[in-house]
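>>> build me a model:
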Amino acid sequence: MALDGVRALVFDVFGTVVDWRSGVARKAEPFLKRHGAGSAIPTAFADAWRRRYSPAMEEVRSGRRPFTRLDVLHRENLEAILPEFGIDPASVPASELDELNLAWHRLEPWPDVVAGLTRLRPRYIIAPLSNGNIALMLNMAKRSRIPWDAILGAEVVQAYKPAPEAYLRTADVLSMKPDEICLVAAHNGDLAAARACGLRTAFVPRPTEHGVAQTTDLHPDQGWDLVASDFIDLAERLQL
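The predicted model follows:
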């Protein structure tokens, strides 16, 4: 089998497990209308918010900022993008911004996710290896019945992917060697960083993560250990 010796499957979440773009856009639409930005495209708002995701984490990865959980970074990024849509952050009650920030806790999984993970779980330890914080991952899982065995990721290991510590400290937390763990992700860059740390890799494309005109991560960039069309196909390829 392609993953002989693997004991745990860890999963990228935003884009791989959940459809962040559609979910954030749905929550943003009524907010934009309430604040006089009804002509704005909700998916453009989601894209603008997401564009600040990696730069905000880079401040932590570079050491310029102490580790700061993603909920805080998302909230700061939300205030930063509002003027792009003609909204003065000072005019919006903090409680309303806090509520919109919870859009990231309420994202829906892709249709194959829960069924696929349920098939994988009897053989493997399954857990998120996400840049999302613990409360975010828990709320998302409880809401959609995502059957994780544990919640792992950036807040647990105090490091954001693709820093090596994010992968290596996860192996340490699980008391496993890196090659006993396989990262499942829809992003070639995430897989490349995991492979460099000794993890095994499985690519599951999400060709509409960024909308129907997506041009990135449509195909595997390297010879990953396994390539599957979705989580159900992943289980079938693992004979589950």
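
>>> longest helix of the protein?
Scanning the chain for the helix with the most residues, using DSSP state H, yields helix 20-34.

>>> using CSV, list the CA coordinates for that helix.
Provided in CSV are the C-alpha atoms of helix 20-34 (Å, rounded to 0.1, in the frame of the first residue of the first chain):
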residue,chain,number,x,y,z
TRP,A,20,-13.9,28.7,3.3
ARG,A,21,-14.7,31.0,0.4
SER,A,22,-18.4,30.2,0.0
GLY,A,23,-18.8,30.1,3.8
VAL,A,24,-17.3,33.4,4.5
ALA,A,25,-19.1,35.0,1.6
ARG,A,26,-22.5,33.8,2.9
LYS,A,27,-21.9,35.4,6.3
ALA,A,28,-20.5,38.5,4.7
GLU,A,29,-23.4,39.3,2.4
PRO,A,30,-26.0,40.5,5.0
PHE,A,31,-23.2,42.4,6.8
LEU,A,32,-22.3,44.2,3.7
LYS,A,33,-25.9,45.1,3.0
ARG,A,34,-26.4,46.5,6.5
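
>>> other SSEs contacting it?
Judged by 3 or more Cβ pairs under 8 Å, 6 or more residues apart in numbering; DSSP states H and E, the packing partners of helix 20-34 are helix 42-51, helix 94-101. Every residue, glycine included, has its C-beta placed from N, CA and C.

>>> and those helices: which comes nearest Asp233?
The closest of these to Asp233 is helix 42-51. By Cβ to Cβ, the value is 26.5 Å.

>>> immediately after the closest one, which helix or strand?
helix 53-61 (DSSP states H and E).

>>> counting contacts, what elements does that following helix pack onto?
Identification of packing neighbours for helix 53-61 by 3+ Cβ pairs under 8 Å, 6+ apart yields helix 70-81.

>>> now what about the helix it packs on, what contacts it?
Residues outside helix 70-81 that contact it (Cβ atoms under 8 Å, 6 or more residues apart in numbering): 45, 48-49, 52-53, 56-57, 89, 97-98, 100-101, 104, 131-133, 135-136, 154-155.

>>> hang on, the earlier thing: so which of the helices and strands packed on helix 20-34 is the most packed in?
A comparison of the helices and strands packed on helix 20-34 by mean neighbour count, using mean count of other Cβ atoms under 10 Å, puts helix 42-51 on top with a mean of 19.

>>> what's that helix packed up against?
helix 20-34, helix 70-81.

>>> what sits against Pro164?
Shown in contact with Pro164 (Cβ under 8 Å, 6+ apart): Ala193, Ala196, Cys197.

>>> let me fix that, I meant to ask about Glu165.
Val157, Gln158, Ala159.

>>> how about a cut-off of 6 Å?
By Cβ atoms under 6 Å, 6 or more residues apart in numbering, Glu165 lies in contact with Ala159.

>>> from Glu59, how far off is it?
The spacing between Glu165 and Glu59, counted by Cβ to Cβ, to the nearest Å, is 16 Å.

>>> likewise Ala193?
Distance of Ala193 to Glu59, given as Cβ to Cβ: 18 Å.

>>> these two: which has the busier surroundings?
Neighbours were counted for Ala193 and for Glu59 using other Cβ atoms under 10 Å; Ala193 has more, 20 against 14.

>>> confirm that one sits in a helix?
Yes: under DSSP: H, G, I helix; E, B strand; the rest coil, Ala193 falls within a helix.

>>> and the nearest residue to Asp230 once chain neighbours are set aside, how many neighbours?
Closest residue to Asp230 apart from its sequence neighbours, by Cβ to Cβ, 6 or more residues apart in numbering: Asp112 at 4.0 Å. Asp112: 17 surrounding residues under other Cβ under 10 Å.

>>> residues in contact with Asp112?
Listed by Cβ under 6 Å, 6+ apart, the contact set of Asp112 reads Asp230, Phe231, Ile232.
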